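J.: Structure, please.
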Amino acid sequence: MRAYGIPLRYYVDSLRVFRFIQGRDSVWRKHVLQTDDVDTQWSKMMRVLGVDVTYALSPQAKGKVERPYQWLQDRVVRTCALEKISEVEDVRAVLKEEVNRYNHRQVHSTTKEIPSVCFNRARQEGNSLFRPFYLPKPYTSPKDVFCLRVSRTVNGYRRISLFNHTIEVPKVELYEEVEIHLVPDAAQQVMEARIWWHSKMVHSVTLPLDGFRVHL
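T.: From the prediction side, this is the model:
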């Protein structure tokens, strides 16, 4: 999104990353929570950015996505078989090259144009539904958009508990709920926790990444 802009709408399937489905994802055997009663981390981010979401109920419903995927899968499998590639890292390199060729060098059978050329021309002519990326208020950093979100209630000692870590939040009133934006850094093996209350970031702390288990 930062490179190409914010789309008008995402058309996705019902993968659990995108959508909560009662009976498949839930441990609530008495149907306490129904389908879509739970916000996934992905859907929260879409809402912050103002992106609509439409769910396809079958693979056939989103054929424009499935057909290129099938084409890429066939190409990758055949290339690996011909070149006797079996290591995962080598297969990833083949996939990266095929995606690059599909986007930037191959003429599309329907549009008769190279996809990247067609996309860039549409942007230049103002015929694209992509909007320039911007930070929605009150955020001042992309970290508060592209992050994991959890909520906690401040206790009587102005502290919250976060995955076995106790964090003091002196600028928040007692028993108020705060939203915590979690920004993982796999390279440094740390998790930055940015605590928000009443549309303001009131505290930030960096914790060891080990031990965090956030439901998507």
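
J.: Contacts for the worst-scoring helix or strand of the chain on mean pLDDT next, please.
T.: Counting by mean pLDDT, DSSP states H and E, the weakest-scoring helix or strand in the chain turns out to be helix 63-83, with a mean of 87. With Cβ atoms under 8 Å, 6 or more residues apart in numbering as the test, helix 63-83 has contacts from Y11, P59, Q60, I85, S86, D90, V91, V94, L95, E98, V99, Y102. Placement of C-beta: from N, CA and C, glycine included.

J.: Apply 6 Å and report the result again.
T.: Residues outside helix 63-83 that contact it (Cβ atoms under 6 Å, 6 or more residues apart in numbering) are P59, V91, V94, L95, E98.

J.: can you check stretch 190-203 too?
T.: 138, 169, 171-172, 178-184, 204-207, 209, 212.

J.: how about the strands of this structure, start to end?
T.: Using DSSP state E, the strands of the chain run over 9-12, 52-55, 148-153, 159-162, 165-168, 177-185, 190-197, 200-208.

J.: closest one to M46 among those strands?
T.: strand 52-55 (5.5 Å; Cβ to Cβ).

J.: Can you give the domain ranges for this protein?
T.: As recorded under automatic domain parsing, the domains making up the chain are 9-57, 61-124, 142-208.

J.: and the strands of the chain as a markdown table, adding mean pLDDT?
T.: Formatted as a markdown table, those follow (pLDDT from 0 to 100):
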| stretch | mean pLDDT |
| --- | --- |
| strand 9-12 | 90 |
| strand 52-55 | 91 |
| strand 148-153 | 94 |
| strand 159-162 | 94 |
| strand 165-168 | 94 |
| strand 177-185 | 96 |
| strand 190-197 | 96 |
| strand 200-208 | 95 |
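
J.: Please name whichever of these is nearest to D39.
T.: strand 148-153 (8.7 Å).

J.: on that earlier part again, from the contacts of stretch 190-203, which would you call buried?
T.: V169, V172, V178, I180, H181, L182, V183, L207, F212 (16 or more other Cβ atoms under 10 Å).

J.: what's near enough to touch the fourth one?
T.: Counting by Cβ under 6 Å, 6+ apart, I180 makes contact with V150, A193, I195.

J.: Of the domains of the chain, which is nearest R2?
T.: Of the domains of the chain, the one closest to R2 (Cβ to Cβ) turns out to be domain 142-208, at 6.9 Å.

J.: Closest to the centroid, which residue in the protein?
T.: W42 (4.6 Å; Cα atoms, centre = their mean).

J.: check contacts around it.
T.: V17, F18.

J.: just use 52 as the starting number from now, easier for me
T.: OK, 52 is where the count begins now, so the last one is W93.

J.: Just the pLDDT at it, thanks.
T.: W93 carries a pLDDT value of 93.
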